[in-house]
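Visitor: Fold the stuff below for me.
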Amino acid sequence: MSKIVFLIFILSAIMTLQFFKGRKINLLLMKNYLGEIEAPLKIRDKEYTWIGGYVGFKAGYKIQNPLFSFFEVSLILAPRQSLIYLPLSLLLFRGDRAFFLLTPRGKRISRELHLIRDEAFLFKPKIRRKKELFEKRASICGVNFRILYEDEKAVEDILKLFKRYKGNIKIIKHLALVPSTNRVYLHLKPMVGELKRFLTFLIEKMELY
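Guide: Have a look, this model is predicted:
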């Protein structure tokens, strides 16, 4: 057997092992993340959409909550089953991603605000009204954020809120209050054991402006 054939054989074996190992890890993570997402919600109705085999899922929930009526999530996992795409995905997206859309219950969001954690993105998120917003920087529990905003009072309130959070604030990648869509947009770095704590805090303590 030539060295090249032997090398191809070894590489194929490693990729096969990584496929089964990565698939198992992603399925376990999906189960854990789903449990943590649903734990703080009082669900009235729900709908799931599977995204590919081991990539993630979308879910929408009608919930019983004084502040929010609808709660949507898209969970996208790093391709741990693919030894080829995993390094590229980790470089571009920095691990698993969870996107949330929260619809207020009978209330309009009046002031736009974006809270973006430093070093959370390789490419900064596009903000449609960026030129119309003020910008400042702030630290929450030693973690630095860039804030785009319309109203200083809203910034003070959101900083005061998250300084009360006792968990890992690095779970936040981007939080946005968007009046044009009347939605709270949330991009998190999901962490097992942290996701439930953060979502519980958010839906119980957050105020809208």
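Visitor: quick one: average pLDDT of the helix ranked longest in the chain?
Guide: Ranked by number of residues, the top helix in the chain under DSSP state H is helix 3-38. Mean pLDDT, computed over helix 3-38, is 89.
Visitor: any idea how far it is from the chain center?
Guide: 22 Å (Cα atoms, centre = their mean, to the nearest Å).
Visitor: For the closest residue to G167 other than its chain neighbours, give its distance to M15.
Guide: Spatial nearest neighbour of G167, excluding adjacent residues (Cβ to Cβ, 6 or more residues apart in numbering): R197 at 4.7 Å. C-betas here are computed from N, CA, C, even on glycine. To M15, R197 is 36 Å away according to Cβ to Cβ, to the nearest Å.
Visitor: got it, and R183?
Guide: Distance, R183 to M15, by Cβ to Cβ: 41 Å.
Visitor: Then L186?
Guide: For L186 relative to M15 (Cβ to Cβ), the value is 35 Å.
Visitor: And L102, by the same measure?
Guide: For L102 relative to M15 (Cβ to Cβ), the value is 40 Å.
Visitor: quick one, which of the two is more surrounded?
Guide: L102 (24 against 13; other Cβ atoms under 10 Å).
Visitor: With adjacent residues omitted, what lies nearest to the residue sitting nearest the centre point of the chain?
Guide: Geometric centre of the chain, nearest residue: L188, 2.3 Å, by Cα atoms, centre = their mean. Using Cβ to Cβ, 6+ apart and skipping residues adjacent in sequence, the residue nearest L188 is A98, 4.6 Å away.
Visitor: what's the following helix or strand after the helix or strand containing the one you found?
Guide: Per DSSP states H and E: A98 is located in strand 97-104. The helix or strand immediately downstream of strand 97-104 is strand 113-117, counting by DSSP H and E.
Visitor: Give me the neighbour count for the residue nearest to G167.
Guide: R197: 18 neighbours (other Cβ under 10 Å).
Visitor: 10 is where my numbering starts, stick with that
Guide: Taking 10 as the first residue, the last one we looked at is R206.
Visitor: just to revisit the earlier point, the residue nearest to the centre of the chain and E45: what is the separation?
Guide: With Cβ to Cβ as the criterion, L197 and E45 are 11 Å apart.
Visitor: Find residues that contact each of those two.
Guide: Here L197 and E45 have L204 as joint contacts, going by Cβ atoms under 8 Å, 6 or more residues apart in numbering.
Visitor: Which parts of the protein are strands?
Guide: 52-60, 65-72, 77-85, 106-113, 122-126, 143-149, 152-158, 181-187, 192-197 (DSSP state E).
Visitor: for L95, what are its contacts?
Guide: L95 makes contacts with Q27, G31, A87, P88, R89, as judged by Cβ under 8 Å, 6+ apart.
Visitor: Dump these into TSV; add distance to Y174 and neighbour count as well.
Guide: Converted to TSV, the contacts of L95 look like this (distance: Cβ to Cβ, whole Å; neighbours: other Cβ atoms under 10 Å):
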residue	distance to Y174	neighbour count
Q27	36	16
G31	32	19
A87	25	22
P88	31	20
R89	29	21
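Visitor: Isn't I181 up against D127?
Guide: No - using Cβ atoms under 8 Å, I181 makes no contact with D127, being 11.1 Å away.
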